[in-house]
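Peer 1: Sequence and computational prediction follow.
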Amino acid sequence: MADAASRLTTLAEDLLGAPLPVRLRAWDGSEAGPADGPVLIVRERRALRRLLWKPGELGLARAWVSGEIDVEGDLYDVLDRLAGLVWERSEETRSALEAVRDPRLRAAAGALLKLAGPFPPPAPPAEEVRRRSGALHTKLRDRQAIGHHYDVGNDFYALVLGPSMVYSCAYWTEAGTLEEAQRDKLDLIARKLRLTEGDRLLDVGCGWGSMAIHAAREYGVRVVGITLSREQAVHARKRIAEEGLTDRIEIRVQDYRDVRDGPYDAISSIGMAEHVGEVRYREYADTLYALLKPGGRLLNHQISRRPTPDEGTYEIDPFIDAYVFPDGELAPMGRTLATLEDAGFEVRDVEAIREHYALTLRRWVANLESRWAEAVRMVSPGRARVWRLYMAASAVSFERNRIGVNQFLAVKTPEEGTSGVALRPRVWNEPLQR
């Protein structure tokens with residue numbers, strides 16, 4: 001088929017209603033588009049069938065995970081150029097294609113159908129989560145969702161995250177390495193919680209135990225860490241034993257709804273609330289409030305999204321839902337704050353650290369790319385591609401202010417009103433003395 005790239009570029013521009021901002025190389029070797037930019041490669045015609053069957057982000061994701069489309073050049077540049085045309089307009093594009101009311105769009109879709117080859121479309125990649133049964137955010141469904149994301153091998157996570165094994169936004173002060181920035185983040189949280197020797201800390205969504213280890217080792221606290229991932233728990237317990245901290249830290253495979261052994265002096269929730277879901281946000285806040293002693297503190301570290309004019313139209317990102325965090329939901333920062341207040345907390349500080357996450361994600365992508373062949377052997381080519389796209393696209397989203405991340409310091413302030421927060425609380429932002 002002669003010059004598929006030119007035909008495909010023309011069709012894409014008709015469907016998107018704007019010039020294609022990247023160069024395109026098709027399966028027949030032809031190229032079209034700007035000569036000075038990165039190249040989007042369509043290796044297989046069946047990628048087009050995926051797009052016709054699932055227009056927008058999910059179709060693109062399936063083609064990417066399958067290796068049917070790829071990028072030559074800077075992946076971040078491609079994502080940044082395409083963000084406004086594809087990801088930020090995916091709902092608009094999808095509804096236009098489904099409605100097919102526009103004769104121009106019908107003609108372009110028909111031409112794309114001829115170019116794509118015979119139907120039906122290929123089956124989704126094996127890495128795509130299979131549909132879950134039951135209502136959102138039941139205990140069983142949450143365990144399944146967490147297992148899909150986290151139980152892919154601790155060695156793979158170690159490759160991506162580095163020695164810190166911290167899977168949340170680092171805190172970049174004067175630190176030069178990812179490990180130093182993650183240590184500074186953990187210490188920032190410990191200082192915001194005002195941890196002191198003998199305190200009881202509940203770490204909700206404890207991951208591989210990094211916060212628990214830091215708090216017990218550096219501050220002398222007793223920690224209960226909970227996770228729904230058995231692989232995380234095994235790894236965390238091994239690390240804790242190696243640190244000689246088994247007398248101070250207990251790791252449980254447990255749902256937050258099943259914790260009954262309060263009160264705690266402090267609770268850390270680092271990158272956990274994104275898994276809770278809107279239908280459970282208030283229950284989550286109520287549960288943590290009940291588990292704290294009067295005067296106890298909560299540090300809630302949570303990714304947020306920008307609010308929409310009609311919040312009722314919000315939908316979970318299709319790529320993230322299908323390949324990364326099944327059932328994961330993001331809330332606007334204001335809704336999180338209001339939910340904490342409705343549960344009874346006094347919110348004393350909110351720190352927005354959006355740019356810090358972009359820097360963190362770029363380090364994780366670099367870790368993955370530098371050991372790509374090893375990562376593919378650990379998981380699968382498709383799984384490694386999922387992670388590369390998810391982390392790079394997330395970095396661009398943080399940089400473009402599509403999503404953010406915030407630390408909420410909330411206090412279970414007793415009736416007499418003594419919060420225990422300093423008059424100048426931001427002293428914790430002073431550089432660490434090393």
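Peer 2: Perfect, I can see it now.
Peer 1: And the helix or strand where residue 212 lies, what does it pack against?
Peer 2: In the assignment (DSSP states H and E), residue 212 maps to helix 210-219. Using 3 or more Cβ pairs under 8 Å, 6 or more residues apart in numbering; DSSP states H and E as the contact test, the elements touching helix 210-219 are helix 178-192, strand 200-204, strand 222-227, helix 230-243, strand 249-253, strand 264-270. Using the backbone N, CA and C atoms, a C-beta is placed for each residue, glycine as well.
Peer 1: Convert that helix to PDB, retaining C-alpha atoms only.
Peer 2: Output of helix 210-219 as PDB, limited to C-alpha atoms (Å, rounded to 0.1, in the frame of the first residue of the first chain):
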ATOM      1  CA  SER A 210      10.000   2.600  53.900                       C
ATOM      2  CA  MET A 211       8.000   5.000  56.000                       C
ATOM      3  CA  ALA A 212       7.600   2.500  58.800                       C
ATOM      4  CA  ILE A 213      11.300   1.800  58.900                       C
ATOM      5  CA  HIS A 214      12.200   5.500  58.800                       C
ATOM      6  CA  ALA A 215       9.800   6.400  61.600                       C
ATOM      7  CA  ALA A 216      11.000   3.600  63.800                       C
ATOM      8  CA  ARG A 217      14.700   4.000  63.200                       C
ATOM      9  CA  GLU A 218      14.900   7.800  63.200                       C
ATOM     10  CA  TYR A 219      12.200   8.700  65.700                       C
END
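Peer 1: now that helix against helix 178-192, angle please.
Peer 2: Counting by axes from the mean of the first three to the mean of the last three Cα atoms, to 10 degrees, helix 210-219 points 70 degrees away from the direction of helix 178-192.
Peer 1: Now helix 210-219: buried residues?
Peer 2: By 16 or more other Cβ atoms under 10 Å, the buried positions in helix 210-219 come out as 210-216, 219.
Peer 1: all strands of the stretch 301-434 of the chain, in order?
Peer 2: In the stretch 301-434 of the chain, the segments counted as strands under DSSP state E, counting those that start in this stretch are 346-352, 403-411.
Peer 1: just checking, what packs against the shortest one?
Peer 2: Based on contacts counted as 3+ Cβ pairs under 8 Å, 6+ apart, the elements that strand 346-352 packs against are helix 333-342, strand 403-411.
Peer 1: Name the stretch among those that sits most buried.
Peer 2: Ranked by mean neighbour count, the helices and strands packed on strand 346-352 are led by strand 403-411 with a mean of 21 (mean count of other Cβ atoms under 10 Å).
Peer 1: returning to that earlier point: tabulate the helices and strands packed on strand 346-352 (CSV), appending distance to residue 421 and mean pLDDT.
Peer 2: As requested, the helices and strands packed on strand 346-352 are arranged in CSV below (distance: least, Cβ to Cβ, whole Å; pLDDT from 0 to 100):
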stretch, distance to residue 421, mean pLDDT
helix 333-342, 15, 97
strand 403-411, 7, 98
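Peer 1: Just tell me which of those ends up closest to residue 284.
Peer 2: Closest to residue 284 of these is helix 333-342 (Cβ to Cβ; 8.2 Å).
Peer 1: what does the closest one contact?
Peer 2: Applying Cβ atoms under 8 Å, 6 or more residues apart in numbering, the contact partners of helix 333-342 are 273, 281-282, 285, 298, 300, 302, 304, 307, 331, 347, 350, 352, 404, 406, 408, 410.
Peer 1: Okay, now the unreliable bits of the stretch 301-434 of the chain?
Peer 2: Low-confidence segments of the stretch 301-434 of the chain (pLDDT under 70): 425, 427-434.
Peer 1: still on that earlier bit, and the helices and strands packed on helix 210-219: which comes nearest residue 400?
Peer 2: Each of the helices and strands packed on helix 210-219 was scored for nearness to residue 400 using Cβ to Cβ, and the closest is helix 178-192 (21.7 Å).
Peer 1: where exactly do the strands run in the stretch 1-150 of the chain?
Peer 2: Counting by DSSP E, counting those that start in this stretch, the segments of the stretch 1-150 of the chain that form strands are 23-25, 31-32, 39-42, 69-72.
Peer 1: distance of residue 211 from residue 165?
Peer 2: 10 Å (Cβ to Cβ, to the nearest Å).
Peer 1: same check, this time on residue 331
Peer 2: Residue 331 is 27 Å from residue 165, by Cβ to Cβ.
Peer 1: still on that earlier bit, make CSV from the strands of the stretch 1-150 of the chain and add mean neighbour count, mean pLDDT and distance to residue 50 to it.
Peer 2: As requested, the strands of the stretch 1-150 of the chain are arranged in CSV below (neighbours: other Cβ atoms under 10 Å; pLDDT from 0 to 100; distance: least, Cβ to Cβ, whole Å):
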stretch, mean neighbour count, mean pLDDT, distance to residue 50
strand 23-25, 21, 95, 16
strand 31-32, 18, 94, 21
strand 39-42, 20, 96, 11
strand 69-72, 17, 96, 9
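Peer 1: Redo those strands as TSV? Include distance to residue 155.
Peer 2: Output for the strands of the stretch 1-150 of the chain, formatted as TSV (distance: least, Cβ to Cβ, whole Å):
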stretch	distance to residue 155
strand 23-25	35
strand 31-32	39
strand 39-42	30
strand 69-72	25
